[in-house]
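Student: Sequence unavailable; structure follows:
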């Protein structure tokens, strides 16, 4: 089976940097997704990591360490609109269907 | 290009009734997925269509749930009869390739009372 762990809630200040961690246990790791979901809206794709290292995409970066079963999403220059739930999801084994964590609710305050 | 659309956005039904949820994927996406999020828990996979065929339905909770995708276009998910524990948000997603970026709909919030 798979086990995905994320903090339930985080708060940060506008303009700051925040790192949202995701740890997992699984066999046959394929890849790890990060999705953003605003309340009442569809989850939207942020990133997909297959290999170790950091991938940067504008204000958002995602890091993966397969040997440690660890990923993080780094959000820079936080804006109020970044307040949302951030979902870590991974694929493993023979299945390419993502399994989701419970998500981290990020609250950005002025 | 239109995204994934789901209908209805909200549904409130009584226990024992039937409800049918609809999902229109992005045009040209062969892969269609149904997920469900029960309050306070993670988004859980229900099933996966490739065109009109059920590729993986390992996540379907029980035989009260029936999903179809006739013609390989839109899909329906029917719950009959509905139970209280079926309440949650039902998401549909579609993708061109399995294992890559999936585009989600806004979900149908189902409340069984």
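Tutor: That came through, no problem. Everything quoted here is computed from the prediction, not taken from an experiment. Numbers count the residues shown, from 1 in each chain, chains lettered A, B, ... in the order given.
Student: ok, and what's touching the helix or strand containing residue B:89?
Tutor: Secondary-structure element containing residue B:89, defined by DSSP states H and E: strand B:88-95. With Cβ atoms under 8 Å, 6 or more residues apart in numbering or on different chains as the test, strand B:88-95 has contacts from A:42-43, B:4, B:6, B:21, B:23, B:25-26, B:29, B:31-39, B:43, B:46, B:75, B:77, B:101-105, B:107-110. Just so you know, the C-beta spots here come from the backbone N, C-alpha and C atoms, and that holds for glycine as well.
Student: So how do I select the buried members of these in ChimeraX?
Tutor: Listed next is the ChimeraX selection for buried residues among these, using 16 or more other Cβ atoms under 10 Å in any protein chain shown:
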select /A:42,43 /B:4,6,21,23,25,26,29,31,32,33,34,35,36,37,43,46,75,77,102,103,104,105,107,108,109,110
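Student: So which of the contacts of strand B:88-95 belong to strands?
Tutor: Residues from the contacts of strand B:88-95 lying in strands, with DSSP state E as the criterion: B:6, B:21, B:23, B:31-37, B:43, B:46, B:75, B:77, B:103-104, B:108-110.
Student: out of the residues you listed, which touch chain A?
Tutor: When contact is defined as Cβ under 8 Å from any Cβ of the partner chain, these meet chain A at B:33, B:35, B:43, B:103-104.
Student: For chain A, what's its nearest residue on chain B.
Tutor: residue B:99 (3.2 Å; Cβ to the nearest Cβ).
Student: burial count for residue A:4?
Tutor: Using other Cβ atoms under 10 Å in any protein chain shown, residue A:4 has 22 neighbouring residues.
Student: Which of the three states applies to it?
Tutor: Here residue A:4 takes the strand state, with states given by DSSP: H, G, I helix; E, B strand; the rest coil.
Student: just to revisit the earlier point, how much space is there between the closest residue in space to the residue of chain B closest to chain A that isn't next to it in sequence and residue A:31?
Tutor: Of all residues not flanking residue B:99 in the chain, residue A:96 sits nearest, at 3.2 Å (Cβ to Cβ, 6 or more residues apart in numbering or on different chains). Per Cβ to Cβ, to the nearest Å, residue A:96 is found 8 Å from residue A:31.
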